[in-house]
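Student: build me a model:
(chains A and B)
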Amino acid sequence: MEKLMTIQQLLVTHSNDTLLDIPELDLLKGCQIALVGANGAGKTTLLESILGLRKAAGGIARLHCAKRNLGVQLQNATYNPEILVSDVVSLHATLYGQSDAELYDKFLLKELAHKKYGRLSRGQKQRVDLYVALAHKPTTLILDEPGTGLDKYFYEQFLQVLADYQDNPAISIVMATHTASEVENSSHILWIEAGKLQDFSARNTMLNKHLGSFKAHLCYEPQLGLDARLGELLQLAGVRHLRRPTVHEAVLYGDESLRQPMLELAAEYKFSTFSLTKTDAGDFLELVSANGFTKH
Amino acid sequence: MSVISILTWIEIKAYLRNWGAIFWTFIYPVALLILLSLMFGGDKGYTARIEVVQAAGNPVAEEYIEALHDRMDMIPGLSVHTVWLDDATLPQAAVIRLSFSPDFGRDNAPSAIGVEVLGEVDANLGGVLALLGELTEVFNRVKTGASQQFFVDYGQINSSSGNGYNYNAFLVSGLTALTVISTAMFGFTTVLVEMRQNGALKMFQIFPMRRGHFITSFVLSRTLVLALFCIAFFYLANVALQTGVSITGQSIAGFVLLLLLGIITFLGVGLLLVSLIKKGSTAIAIINIVNLPIIFLSDLFIPVASMPAAIRDIAELSPVYLFVNAMRSVTQPEFVLNAIVPTVLTLIGISLVSFMISSKSFQWRTI
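Tutor: Numbers count the residues shown, from 1 in each chain, chains lettered A, B, ... in the order given. Take a look at the predicted model:
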């Protein structure tokens, strides 16, 4: 498979702080990658470095894609605040030689056409930015938290458009996200934390590796004194991770071998809530977020 | 439509929607014009424009000019604006030209003060000529004990135009030049630096377009707005204030040439500053620091001729001074295009250097 981007010894710094330090990473064309990490992990910095918007202190980050085939939506990219939305749309049409009336209608840009870009709300700007990223039918999409600010209606419109791209194996997507559905629909997950590459693999492999296929969720009275039992369970070979959202709540992640000891535990204690379900992308994002929180 | 034309049109519209830009480009010069013409531009005042040739470096001649200023200042409603020229072969543009020989005032030899008068002598000009005669006599008394070393040698150049230099005409051409400079500084440099700082240039790096397309469009949009406004401002202000400036084919060509070159040059300097400055707040601070002395030394509000010789020498090196004076010269009777050749060449040189450096060093990003 052809390479989509190449990173070698990439080092990005700002005022003596290391924002990004990635020794080596190759992404292939046709992959649909969810870029995850806690707030401040370096997702935007990575995307901007790949796009050449940031100066690297060392190394290289190269995107192997013609500008005409590239669709980009960035969190902190803007336009002259005095420019009208209709100007942005017509500039896009001139630059790419095409527009997308269907997408224009989907994002209801007609109602924004005569507004200044600088006067738009976060969600309205996001609709314009997504139109600019998608209207020329790019083969490579770089999106930075595309759902931010969108209300339910427009987010669903966006997911529909995205689904069409995701159905096409020739399309490459790199999308920074905190949303489970976006991770769920990706083929790969790229996890960065504190500017370093934590892991990169196919989505299911990533979920299995860090969480396993099962999760047990229990809520209990604090006087039950479950801490010791939970500690023992964590020593079992198949258990990957224990999360304590509150003092009387625990979530254990693991593989198939987790099922039997958890059923035994449920029989032994009276839990107000007990469930044994399959893990999903939302659980993985919880892990990413918790991990980031610990590191901060 | 091409990328440059659509981007230029978008930038023009965006510029005209920006209240800050509208203020600096359109409101500020008109307000200043009204204010200054009301304060100083009344019919009672008379400013004699005098060219001084080959006097710099000669202490006696400089003393003579200084004494002339002192005399004029003592008479209400009468003032003098002197322009120092090194080249005696330049065609006379001012109402009076004073010429001093290199050995003026030395070795007790007779020293003539050449006085060339352009056009008809009216009451105001007659008063100035009388003052020159009286001053020369005083010089003889003080310097030589009335031995008549210094004398006045009058001459006249015919002209169909009037010979008084109206303060309002001085003001209009000066403010036209100021508009070009202030817009290049505040409506261009700070705007571009802030746009870059706020991430408004990021998408232009992503789009399938060249850096030159963006820079050309941005410069072109400001050039068109400024040129159209300055032409309208210059014409309407001269008509409204009845300055009676001389308009010939050569003066129109000179004005348009200087205006376009001035705009391109000062936008080029603005672009150079954008290449060097990273933050919007730094841009505003630096531009204020640079702008104030430039305006002070530009001959816009305070005649450079009235400043000490050392400051005058510095001021004359400023492209703003050259530009302002060249803009004023196009409204003079007997203006010929040759008179602005040195200024035109200087502006072309500055703009070439500015754009060459900017094209290499302009940064889309500061991080």
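Student: now do the strands in the chain.
Tutor: If you meant another chain, say so; for now it's chain A. A:3-14, A:17-28, A:32-36, A:58-63, A:70-73, A:140-144, A:172-176, A:188-193, A:196-202, A:214-219, A:239-243, A:249-254, A:273-278 (DSSP state E).
Student: let's do chain B instead
Tutor: In chain B, the strands defined using DSSP E lie at B:46-53, B:78-85, B:96-100, B:111-118, B:150-157.
Student: please list all residues in contact with residue A:142.
Tutor: Counting by C-beta atoms under 8 Å, 6 or more residues apart in numbering or on different chains, residue A:142 makes contact with A:47, A:50, A:51, A:70, A:71, A:72, A:73, A:74, A:174, A:175. (Each C-beta comes from the backbone N, C-alpha and C, glycine too.)
Student: which residue, other than its chain neighbours, is closest to it?
Tutor: Closest residue in space to residue A:142, ignoring its immediate chain neighbours: residue A:72 at 4.8 Å, by C-beta to C-beta, 6 or more residues apart in numbering or on different chains.
Student: from what I see, the one you found and residue A:53 are in contact.
Tutor: No - applying C-beta atoms under 8 Å as the test, residue A:72 and residue A:53 come out as separate, 9.5 Å apart.
Student: how about the residues of the stretch 1-150 of chain B by chain A?
Tutor: Where the stretch 1-150 of chain B comes near chain A, counting by C-beta under 8 Å from any C-beta of the partner chain, the residues are B:1, B:2, B:3, B:6, B:7, B:10, B:11, B:13, B:14, B:15, B:17, B:18.
Student: which residues touch the last one?
Tutor: This points to residue B:18. A:82, B:191.
Student: in JSON lines: the contacts of residue A:142, plus pLDDT and neighbour count.
Tutor: Below are the contacts of residue A:142 laid out as JSON lines (pLDDT from 0 to 100; neighbours: other C-beta atoms under 10 Å in any protein chain shown):
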{"residue": "A:47", "pLDDT": "95", "neighbour count": "25"}
{"residue": "A:50", "pLDDT": "94", "neighbour count": "22"}
{"residue": "A:51", "pLDDT": "93", "neighbour count": "20"}
{"residue": "A:70", "pLDDT": "96", "neighbour count": "20"}
{"residue": "A:71", "pLDDT": "96", "neighbour count": "23"}
{"residue": "A:72", "pLDDT": "97", "neighbour count": "24"}
{"residue": "A:73", "pLDDT": "97", "neighbour count": "24"}
{"residue": "A:74", "pLDDT": "95", "neighbour count": "22"}
{"residue": "A:174", "pLDDT": "96", "neighbour count": "25"}
{"residue": "A:175", "pLDDT": "96", "neighbour count": "26"}
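Student: quick check: of those, which lies closest to chain B?
Tutor: Using C-beta to the nearest C-beta, residue A:72 comes nearest to chain B of those, at 4.7 Å.
Student: distance of the closest one relative to residue A:177?
Tutor: For residue A:72, the distance to residue A:177 equals 15 Å [C-beta to C-beta, to the nearest Å].
Student: closest to residue B:80 among the contacts of residue A:142?
Tutor: Nearest to residue B:80 among these: residue A:74, at 61.1 Å, using C-beta to C-beta.
Student: list the contacts of that closest one.
Tutor: So residue A:74 contacts A:44, A:47, A:48, A:51, A:53, A:129, A:142, A:144, B:199, B:202, B:203 (C-beta under 8 Å, 6+ apart).
Student: how about the residues of chain A by chain B?
Tutor: Counting by C-beta under 8 Å from any C-beta, chain A sits next to chain B at A:14, A:51-55, A:66-68, A:70, A:72, A:74, A:76-84, A:87, A:90-91, A:94-96, A:116, A:132.
Student: can you tell me which of those residues are buried?
Tutor: For those, a burial check counting by 16 or more other C-beta atoms under 10 Å in any protein chain shown picks out A:51, A:53-54, A:70, A:72, A:74, A:77-84, A:87, A:90-91, A:94-96, A:116, A:132.
Student: tell me which of the residues you listed fall in helices.
Tutor: A:87, A:90, A:91, A:94, A:95, A:96, A:132 (DSSP state H).
Student: show me which pair in these is furthest apart.
Tutor: Greatest spacing in these, by C-beta to C-beta: A:87 and A:96 (15.0 Å).
Student: give me the domain ranges for chain A.
Tutor: Annotated domains of chain A cover A:3-200, A:212-278 [automatic domain parsing].
Student: quick one: end-to-end length of stretch B:64-82, please.
Tutor: This stretch, stretch B:64-82, spans 12 Å end to end (C-alpha to C-alpha, to the nearest Å).
Student: mean confidence (pLDDT) on it, please.
Tutor: Here stretch B:64-82 scores 79 as its mean pLDDT.
Student: in it, what's buried?
Tutor: B:64, B:65, B:68, B:69, B:71, B:72, B:78, B:79, B:80, B:81, B:82.
Student: relative to residue B:73, how far out is residue B:134?
Tutor: Distance, residue B:134 to residue B:73, by C-beta to C-beta: 15 Å.
Student: keeping just the C-alphas, turn stretch B:176-194 into CSV.
Tutor: Included here for stretch B:176-194 are C-alpha records, laid out as CSV according to Å, rounded to 0.1, in the frame of the first residue of the first chain:
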residue,chain,number,x,y,z
THR,B,176,-2.9,62.7,0.4
ALA,B,177,0.6,61.4,1.1
LEU,B,178,-0.1,60.9,4.8
THR,B,179,-3.1,58.7,3.9
VAL,B,180,-0.9,56.5,1.8
ILE,B,181,1.6,56.1,4.6
SER,B,182,-0.9,55.6,7.5
THR,B,183,-2.9,53.1,5.5
ALA,B,184,0.3,51.1,4.6
MET,B,185,1.2,51.0,8.3
PHE,B,186,-2.1,50.6,10.1
GLY,B,187,-4.4,49.2,7.4
PHE,B,188,-1.9,46.7,6.1
THR,B,189,1.0,45.7,8.3
THR,B,190,-1.0,45.4,11.6
VAL,B,191,-3.9,43.8,9.8
LEU,B,192,-1.7,41.1,8.2
VAL,B,193,0.3,40.5,11.4
GLU,B,194,-2.9,40.0,13.4
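Student: and it, how far out from the chain middle?
Tutor: Taking C-alpha atoms, centre = their mean, to the nearest Å, one finds the center of stretch B:176-194 at 16 Å from the center of the full chain.
Student: what of stretch B:92-101?
Tutor: Offset of stretch B:92-101 from its chain centre (C-alpha atoms, centre = their mean): 19 Å.
Student: just the terminal-to-terminal distance for that stretch.
Tutor: So stretch B:92-101: terminal residues 17 Å apart, C-alpha to C-alpha.
Student: what's the average pLDDT for that stretch?
Tutor: The pLDDT scores in stretch B:92-101 average 82.
Student: next: stretch A:111-118.
Tutor: pLDDT averaged over stretch A:111-118 gives 96.
Student: endpoints of it, how far apart?
Tutor: OK, stretch A:111-118 end separation, C-alpha to C-alpha: 15 Å.
Student: how many neighbours does residue 26 have?
Tutor: Just so you know, I chose chain A. Using other C-beta atoms under 10 Å in any protein chain shown, residue A:26 is surrounded by 12 other residues.
Student: meant chain B actually
Tutor: Residues lying near residue B:26 (other C-beta under 10 Å) number 17.
Student: could you do residue B:5 as well?
Tutor: 12.
Student: please apply the same query to residue B:124.
Tutor: Other residues close to residue B:124 by other C-beta under 10 Å number 18.
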